[in-house]
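Trainee: kindly return the folded structure for what I paste below:
(one chain, ligands or ions: 1)
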Amino acid sequence: MPYGYHGKILHVDLSTGKIEIESPPESFYRKYMGGSAMALYYLLRHVPKGTDPLGPSNVLTVFPSVVTGAPIAGLSRINVNAKSPMSGAIGDSQAGGFFPAEFKFAGFDGVVFYGQSPTWVYLSIIDGKVELHDASHLLGKVTGEVDRILKNEVGDEKAQVMQIGPAAEVGVRFSAIMNMANRANGRTGMGLVMASKRLKAIVVRGKIHPEIADPKNLTALNKIGAKWVTSNPDVDGLAKYGTASVVMPQNQFGTLPTRNYTEGQFEGAEAISGERMADTILIGQDTCYACTVRCKRVVEIKEGKYKVDPYYGGAEYETISTFGSYCGIDNLEAISSAHQICDMYGVDTIACGATIAFAMECFEKGIITKEDTGGIDLKFGNADAMLEVLNQIVTKTGKLGPILAEGSARAAQIWGKKAEELLITVKNEEAPAHMPQAKRSLALIYAVNPFGADHQSSEHDWMYEKGIASDLYLERLALLGLTNPPDPLSLDNEKVKFAAITQAFYSMMDTLEMCQFVWGPAWSLFGPAEAVEMVKHITGWDVTIDELIKLGFRRINLMRAFNAREGFDRKDDMLPKKFFKPLLGTGPTAGIALDQHEFEEALDHYYHLMGWTENGLPTPTKLAELEIEWVNDLVQFN
Ligand code: SF4
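Mentor: Below is the predicted model of the structure:
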């Protein structure tokens, strides 16, 4: 009797319409548990080397995990994976909301899509019944509209919809996959892969709840968590002000990317802060299934040119900073309007906002002129120019739309003239709004992460720096063997160890699909000890922290193996040139830059700790240790 999961994985061949159900053994679930580890099990086997990410031989996977949908905070998340059209490496993206739990209740542990449908379709999974339907009537409609139509079509308001928006239909490279029309599997272009398969949406609804091994103790743990929401200052800040609660602290520490990462402090920070949002346009809080933190924002602007519909929720920190400080814009209403456009059309807000900021710097530096912009005065701080360009991007129209819809790295190749020096990308993925110049372990993780620069693939430096880290952070990190916090701004061996171990912890969370605000190694609502308890209570397995960390390393190695087969190695674990140039402006980070020599040494030590070659490739010994020897038969490591 499985606890937590159904023992059923769906395989859908979109070319033929054939639907099959696989029933893997318990050992499969215990080894891969869900999310992208489970996804990589299929992608490594079924995506041939050199596959066109937008061709029929790419495979798209949607996986929750063995704990998804259990009645405790932070366990309604879902992973989408495929070969990425942004990088050509592995693509990976998580989202929360109510869709992930509902997906599980519909009766399956995941779905693997193959091929390419001859016509546009959507998939419905209702109480174990799986059907493909014509989706031609949904084309060109924004996400809120499609959400309502599909709920109507299946006759149930509680049905949940995952979909691509009009941006993916017209080929925007950084297209997202949306659910609830306001939660995004945003990163790495997974929306464009879904569009290439002519799969418009997945609708789920069900009442098939997998049994929980120890519901009594799970409920007790959830009650403890509910009490901790207000006693943990970081989580309390999230509940009160959403992720935008970090705008002001980031600005104070000089790590709020400003004017395309040229400065770390923004004079307009207060005007775009979570506190300002609460005082002005906020009308409510939203949540994900069973979550007591309720960090999601709902905003409304009833009138004027920046009108915003609460259906689309409210902007997160990353959206506020990429369309705000990144672009030098201090207008929260315009940023909220940009957020809504991204959700309506379905694009990654980080890639999109950062790409516009990059174009603004190109304009300021004369690399492009009004001739290239079609007359738009694309200066930093020009909110209306930002919105005009955004509208061009999501529809791939105008002078700039078709170029910037490809992302900043491809735009730099088109524009030339040293535009490449202004890029903030790793593996063609625009960097999020956490500055590695001051968070040095993040520099390493931005570089080595298999799917490009990511701020949620390890713990951030402040959690483990002398004089900064709180007792709670240090107590929890000690459970992972991290007992010797280094000095601020260091990238010494201890910091590299912190990066590698917390990367494995986060990787485990992206396998078990745990929200990183609720579960984490340091600051979150629950720490590592509670994470182990939670998995035990749900699955009945006698897991340990070592088993969970090993799961995290297994996922990282599976991803690195996928990339190695595509030719990725050390040469691709590199950072943007701009990170090595001193920051301008004011604040504690003015004049600070990364050091190339220090970074290369950290990279060497990281590869050593991971048990990889000097070229950053997994070894047979490491793969055997992680019980994934089968990868050696599929990937030539050299
Ligand atoms: S903390 Fe926020 S993002 Fe995480 S599960 Fe709760 S509501 Fe969702």
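
Trainee: every contact and neighbour count from this point should use C-alpha atoms.
Mentor: OK.

Trainee: can you pull the residues of the protein lying near the ligand?
Mentor: Contact residues, the chain versus the ligand (CA under 6 Å from any ligand atom): 74, 96, 287, 288, 291, 293, 294, 295, 296, 515, 517, 518.

Trainee: again, only using 5 Å
Mentor: Counting by CA under 5 Å from any ligand atom, the positions of the chain adjacent to the ligand are 74, 287, 288, 291, 293, 294, 295, 515, 517.

Trainee: quick check, pLDDT for the fourth one.
Mentor: It stands for residue 291. For residue 291, the model assigns a pLDDT of 96.

Trainee: from residue 98, how far off is it?
Mentor: Here residue 291 is placed at a distance of 10 Å from residue 98 (CA to CA, to the nearest Å).

Trainee: buried residues in stretch 615-626?
Mentor: Residues of stretch 615-626 classed as buried under the neighbour-count rule (16 or more other CA atoms under 10 Å) are 616, 617, 618, 619, 620, 622, 623, 626.

Trainee: what helix or strand does the nearest residue in space to the fourth one that is not next to it in sequence sit in?
Mentor: When you say that, I think you mean residue 619. Sequence neighbours aside, residue 612 is the residue nearest to residue 619 in space, at 5.7 Å (criterion: CA to CA, 6 or more residues apart in numbering). Assigned by DSSP states H and E, residue 612 belongs to no helix or strand.

Trainee: what sits against the residue lying closest to residue 239 once chain neighbours are set aside?
Mentor: Using CA to CA, 6+ apart and skipping the chain neighbours, the partner closest in space to residue 239 is residue 295 (4.7 Å). Going by CA atoms under 8 Å, 6 or more residues apart in numbering, residue 295 touches 238, 239, 240, 241, 242, 243, 285, 286, 287.

Trainee: and of those residues, the nearest to residue 555?
Mentor: residue 243 (26.8 Å; CA to CA).

Trainee: thought residue 210 was touching residue 7?
Mentor: No - contact criterion CA atoms under 8 Å: residue 210 and residue 7 do not qualify, at 9.7 Å.

Trainee: how close does residue 197 get to residue 348?
Mentor: 19 Å.

Trainee: residue 22: neighbouring residues, count only.
Mentor: Neighbourhood size, residue 22 [other CA atoms under 10 Å]: 12.

Trainee: my bad, residue 212
Mentor: Residue 212: 20 neighbours (other CA under 10 Å).

Trainee: quick check on it: phi, psi?
Mentor: phi -100, psi 140 (degrees, to the nearest 10).

Trainee: quick one: contacts for the nearest residue to it once chain neighbours are set aside?
Mentor: Nearest residue to residue 212, sequence neighbours excluded (CA to CA, 6+ apart): residue 538, at 4.9 Å. Shown in contact with residue 538 (CA under 8 Å, 6+ apart): 3, 4, 67, 70, 212, 213, 214, 215, 218.

Trainee: ramachandran angles for the residue nearest to residue 239?
Mentor: Dihedral angles (degrees, to the nearest 10) for residue 295: phi -90, psi -10.

Trainee: okay, the closest residue in space to residue 395 that isn't next to it in sequence and residue 69: tell me how far apart.
Mentor: Excluding its sequence neighbours, the residue lying closest to residue 395 (CA to CA, 6+ apart) is residue 167, at 6.1 Å. Counting by CA to CA, the separation of residue 167 from residue 69 is 30 Å.

Trainee: quick one: average pLDDT of the helix or strand containing the residue nearest to residue 212?
Mentor: If you go by DSSP H and E, residue 538 is part of helix 528-539. If you average the pLDDT over helix 528-539, you get 98.

Trainee: which of the buried residues of stretch 615-626 lies closest to the ligand?
Mentor: Closest to the ligand out of those is residue 626 (29.2 Å), distances taken as CA to the nearest ligand atom.

Trainee: residues in contact with the closest one?
Mentor: So residue 626 contacts 550, 551, 553, 554 (CA under 8 Å, 6+ apart).

Trainee: residue 162 belongs to a strand?
Mentor: Yes - when DSSP: H, G, I helix; E, B strand; the rest coil is applied, residue 162 is found to be in a strand.

Trainee: distance of it from the ligand?
Mentor: 16 Å (CA to the nearest ligand atom, to the nearest Å).

Trainee: and the pLDDT for that residue?
Mentor: 98.

Trainee: which residue, neighbours along the chain excluded, lies closest to it?
Mentor: Distances taken as CA to CA, 6+ apart put residue 179 closest to residue 162, at 4.3 Å, once the chain neighbours are dropped.

Trainee: that neighbour is in contact with residue 97, isn't it?
Mentor: Yes - the pair formed by residue 179 and residue 97 meets the contact definition of CA under 8 Å, at 7.3 Å.

Trainee: which one of the two has more residues nearby?
Mentor: Using other CA under 10 Å as the criterion, residue 179 and residue 97 rank with residue 179 on top: 28 against 25.

Trainee: how much space between the more buried one and residue 307?
Mentor: In terms of CA to CA, residue 179 sits 22 Å off from residue 307.

Trainee: do the same with residue 40
Mentor: Relative to residue 307, residue 40 is positioned 42 Å away (CA to CA).

Trainee: comparing the two, which residue is more hemmed in?
Mentor: Using other CA under 10 Å as the criterion, residue 40 and residue 307 rank with residue 40 on top: 25 against 15.

Trainee: which helix or strand contains that one?
Mentor: helix 35-46.

Trainee: quick check: mean pLDDT of that helix?
Mentor: So the average pLDDT for helix 35-46 ends up being 98.

Trainee: what is the burial count for the residue in the stretch 51-200 of the chain positioned nearest to the ligand?
Mentor: Nearest residue of the stretch 51-200 of the chain to the ligand: residue 74, at 3.9 Å (CA to the nearest ligand atom). Residue 74: 28 surrounding residues under other CA under 10 Å.

Trainee: okay, now the unreliable bits of the stretch 1-150 of the chain?
Mentor: Filtered on pLDDT under 70, the stretch 1-150 of the chain yields no residues whatsoever.

Trainee: do a quick rundown of the helices in it.
Mentor: Ranges of helices within the stretch 1-150 of the chain are 26-32, 35-46, 99-105, 143-154, based on DSSP state H, counting those that start in this stretch.
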